[in-house]
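**Student:** Could you work out the structure for the sequence below:
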Amino acid sequence: MCKTACKYLSVRKLMLQLSFPLLGLSLLIISSQVQAKLEPSVRYQETDYQLCAKQRVTKALLFDVVDVGVYYPDCKQAADIFDDKPKLLRFSYLRDVTGDQFTEGADDFLRDNLEPQEKDQCLTYFNEFNTVYKDVTDGDYYDLFVLPEQGLDLYLNNQQLAQSDNSGCALPYLNIWFGEESMDGDFEDLRDKIKALN
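**Tutor:** As a prediction, this is how the structure comes out:
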């Protein structure tokens, strides 16, 4: 019985990995329009966040999905994507992705990657937070501010979609992209770039 069920789950997870760009956001800008989205500096709450590392996410070696930039107020403070410093993840998309794909993919990878205690503390909250994702097309971008002492703040094209004051669940949310069960190896490459900064 497990053979059939497990085979179904494996195929489903593969399809998630190939079709969820939110979850795998990262491209290295080709057009000037997209390039402008990974700006060298982004201002938020009277603080200038500097672009410290970027990565393009490509699916199945066939097509680019998204450029991902990681920003810190000071790149010299960056140690690891899970460090306790405030940071911004900008996902600049190069193709169409539906809000439902974002939501389903985010939910799946959080279930796979969160520790039991994190699931108890955060999963219900994350499931609600993930419902706000919208359809995107080439040129759109999400900004996710991860503030370990405050919570999460999510924008689409500079329009706020959701804000959370659950500070204990801010860093665990990054398991969508940087957890052990990753949607794409490009995210591990991005994490390595951050570690190599200092």
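
**Student:** Can you give me the pLDDT of the closest residue to Asp74 other than its chain neighbours?
**Tutor:** Leaving aside its sequence neighbours, Asp74 sits nearest to Gln50 (C-beta to C-beta, 6 or more residues apart in numbering; 7.0 Å). To be clear about C-beta, it is placed using only N, CA and C from the backbone, and glycine gets the same treatment. Confidence at Gln50, expressed as pLDDT, is 98.

**Student:** Tell me the helices and strands packed up against the helix or strand hosting Gln50.
**Tutor:** Taking DSSP states H and E as the criterion, Gln50 maps to strand 47-59. Secondary-structure packing of strand 47-59 (3 or more C-beta pairs under 8 Å, 6 or more residues apart in numbering; DSSP states H and E): strand 41-44, strand 63-72, helix 185-195.

**Student:** Highest mean neighbour count out of those?
**Tutor:** Comparing the helices and strands packed on strand 47-59 by mean neighbour count (mean count of other C-beta atoms under 10 Å), strand 63-72 ranks first with a mean of 24.

**Student:** what about that strand, average pLDDT?
**Tutor:** 94.

**Student:** Check stretch 127-147 too.
**Tutor:** Averaging pLDDT along stretch 127-147 gives 97.

**Student:** what's the answer for stretch 181-188, then?
**Tutor:** Stretch 181-188 shows a mean pLDDT of 89 in the predicted model.

**Student:** Just the terminal-to-terminal distance for that stretch.
**Tutor:** Taking C-alpha to C-alpha, to the nearest Å, stretch 181-188 runs 11 Å from one end to the other.
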